[in-house]
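1. Here is a sequence with its predicted model. Questions after.
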Amino acid sequence: MTDIDGIVFSQTQIARGMRPLAQHGTVVVGANKSFSLYGTQGDLIAQAPVDQVTAKRGVWPWRNMVFLNVAGQKYNCTPGWGENRWNGAVGVMRTSAAKGLVDAIDSGGRRTAT
């Protein structure tokens, strides 16, 4: 994976429907308005300009999941899924990571104040 300036969501579970693609993948919303999905080993799964990506958060009980359409291909991912934390805060962290991913895509890769 290349070193890219942007917003990085590591430890992300990535799938196409029920087919898992990465348990510990990475999602990068680049400052250069690019969007990339990387597998566990750093292999490129999908890439597109961020304006060709739509994101929608799931509703309960899938509120930690983000449904993506990357240049016509559908994926679902759960940012923070692979974190090794065993406390009550992990659910909160995953929910905020899902919201952060949707916000990053909606802002076109620009960092916004929260």
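-> Noted; the coordinates are in hand.

2. now the strands: where do they sit in the chain?
-> Using DSSP state E, the strands assigned to the chain run over residues 6-16, 19-30, 34-38, 44-49, 53-57, 66-70, 73-78.

3. The spatially most central residue of the chain: what's its closest spatial neighbour, skipping adjacent residues?
-> Of all residues in the chain, the one closest to the mean position by Cα atoms, centre = their mean is Val27, 4.5 Å from it. Nearest non-adjacent residue to Val27, counting by Cβ to Cβ, 6 or more residues apart in numbering: Phe9, 4.3 Å away. Placement of C-beta: from N, CA and C, glycine included.

4. what about the one you found, neighbour count?
-> 21 (other Cβ atoms under 10 Å).

5. Kindly report the same for Gln52.
-> By other Cβ under 10 Å, 12 other residues sit near Gln52.

6. Surely it touches Gln73?
-> No - using Cβ atoms under 8 Å, Gln52 is not in contact with Gln73; the gap is 10.2 Å.

7. Looking at the strands of the chain, spot the one closest to Ala97.
-> Shortest distance between Ala97 and the strands of the chain, using Cβ to Cβ, is found for strand 6-16: 6.2 Å.

8. then that closest one to PDB, C-alphas only?
-> Extracted as PDB, the C-alpha positions of strand 6-16 are listed here (Å, rounded to 0.1, in the frame of the first residue of the first chain):
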ATOM      1  CA  GLY A   6      -5.800  11.400   3.500                       C
ATOM      2  CA  ILE A   7      -8.100   9.900   6.000                       C
ATOM      3  CA  VAL A   8      -7.300   6.200   6.800                       C
ATOM      4  CA  PHE A   9      -9.600   3.700   8.400                       C
ATOM      5  CA  SER A  10      -7.600   0.700   9.400                       C
ATOM      6  CA  GLN A  11      -8.700  -2.600  10.800                       C
ATOM      7  CA  THR A  12     -11.800  -2.600   8.500                       C
ATOM      8  CA  GLN A  13     -13.800  -5.700   7.600                       C
ATOM      9  CA  ILE A  14     -14.600  -5.500   3.800                       C
ATOM     10  CA  ALA A  15     -17.000  -7.700   1.900                       C
ATOM     11  CA  ARG A  16     -19.100  -8.000  -1.200                       C
END
